[in-house]
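# What would the 3D arrangement of this be:
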Amino acid sequence: MTRTDRYVFPELRRGRGAPSRDSGRFERFRRVDEADGWDLPEEEQALRTEVSEERPRSLINYITSPDLSFDRTINPYRGCEHGCIYCFARPSHAWLGLSPGLDFETKLVARPDAAKVLDSELRARRYRVAPIAIGTNTDPYQPVERDRGIMRDCLSVLHAFRHPVMIATKGTLFERDIDILSDMASQNLVRVGITITTLDAELNRRMEPRVPSPARRLATIRRLSEAGIPVRVMVSPIVPGLTDSEIEPILTAARDAGATAATWAMLRLPLEVAPLWEAWMDEHYPERKSRILSKLREMHGGKVYDSQFFKRVRGEGAYAALIAQRFTKARRRLGLDGGLPELNCAAFQPPPRAGDQLSLF
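Sure, this is the predicted structure:
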């Protein structure tokens, strides 16, 4: 297997996705682990999750991507302990001077003041309401949320303001917040997307090491559906030659669990994700590597990834068209093609604060 300068042996990274902690693209120098010269035995320690804190001055991130259905997002955390090897958000850790590899999933940044900052931004006179997307970069329900509760605090603010929100996650911790979400759903203020990449528990463990099992995520869809919360299944990413055969089974299982809509996306390998993915393939599925990369190049004009809008998510060409056709037919047959209801923006109203003068009308 090809090893980079910062390859970490498997026994030291159990439960992690990336095989290395190579420097990000902005670093002038590469960091290499070397012996200190002392002839003393040293026991290497398994990687542990470290969480630092950041005090953001603003939280809402406005975007202008024409191929997205929303124009603003928030992120309670930087980095993601789920460790999905294919995560297209990994390159964002390079902006922090950290590795998009193992640092992305072990050196997290929490934003404890996020809810307070969000409250302030939503009260600004210039603010104009539109659905906020959460979970588009890193998962708001990753394991660290269990102790930090930052996502729940942000959700409480959105609930108080009656602000519409779209949430994407793989985390079953979502169930903790059903009390808030069910009330928001009754006012048509929330949409939920649960990602299922594979139904194969072993592949799931290798590709998404700290994500709940596929069966557990299906159970979450069922619980949300029973609570009246609209749920769509996101079959993402579809990996050619590895998970593409599972499109129909995933949609069927999600429909049976209560999902009412479905979307899909192809595997994306931007920037540092491409070499991380190739190293992961070398380690786990070397016999499939050439086929997978060949299909990706077929869909992206000879490259493994093309960042052009409207092409980056699904690719183009015969294979991409075949996947789209299969997905569309299966979604229609299973009754998952109706979409979710439009979110209610008219209900938005900043709640009064202590000391505010109330209106007479």
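
# Do you have the helices of the stretch 201-350 of the chain handy? List them.
Applying DSSP state H, counting those that start in this stretch to the stretch 201-350 of the chain gives helices spanning 201-207, 214-226, 247-257, 273-284, 289-299, 318-333.

# Quick one: closest of those helices to V109.
Nearest to V109, of all these, is helix 273-284, at 19.3 Å by CB to CB. C-beta: built from backbone N, CA, C; applies to glycine.

# so what does that closest one touch, helix or strand wise?
Other helices and strands packing on helix 273-284, by 3 or more CB pairs under 8 Å, 6 or more residues apart in numbering; DSSP states H and E, are helix 289-299.

# Tally up the residues packed near F29, please.
6 (other CB atoms under 10 Å).

# and it, how far is that from E202?
Separation of F29 from E202 (CB to CB, to the nearest Å): 38 Å.

# Show me the strands in the stretch 101-250 of the chain, by range?
Listed in chain order, the strands of the stretch 101-250 of the chain (DSSP state E, counting those that start in this stretch) span 107-110, 132-134, 165-169, 190-195, 231-238.

# Grab the CA positions of the last one and hand them over as CSV.
Output of strand 231-238 as CSV, limited to C-alpha atoms (Å, rounded to 0.1, in the frame of the first residue of the first chain):
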residue,chain,number,x,y,z
VAL,A,231,-37.9,13.1,6.3
ARG,A,232,-36.1,12.5,3.1
VAL,A,233,-33.4,9.9,2.6
MET,A,234,-30.2,11.1,0.9
VAL,A,235,-28.4,8.3,-1.0
SER,A,236,-25.0,10.0,-0.9
PRO,A,237,-22.4,9.6,-2.0
ILE,A,238,-23.0,6.9,-4.6
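
# What's the local residue count around the nearest residue in space to P76 that is not next to it in sequence?
Leaving aside its chain neighbours, P76 sits nearest to I150 (4.1 Å; criterion: CB to CB, 6 or more residues apart in numbering). Other residues near I150 come to 20 when the count uses other CB under 10 Å.

# Also the one 3 residues further on?
Counted with other CB under 10 Å, residues neighbouring D153 total 17.

# count of neighbours near the residue nearest to it when sequence neighbours are not counted?
Of all residues not flanking D153 in the chain, A115 sits nearest, at 3.6 Å (CB to CB, 6+ apart). A115 has 22 neighbouring residues, counting by other CB under 10 Å.

# Go ahead and confirm A115 touches V157.
Yes: using CB atoms under 8 Å, A115 is in contact with V157, at 5.0 Å.

# What is the neighbour count of Y141?
Neighbour count for Y141, taken as other CB under 10 Å: 27.
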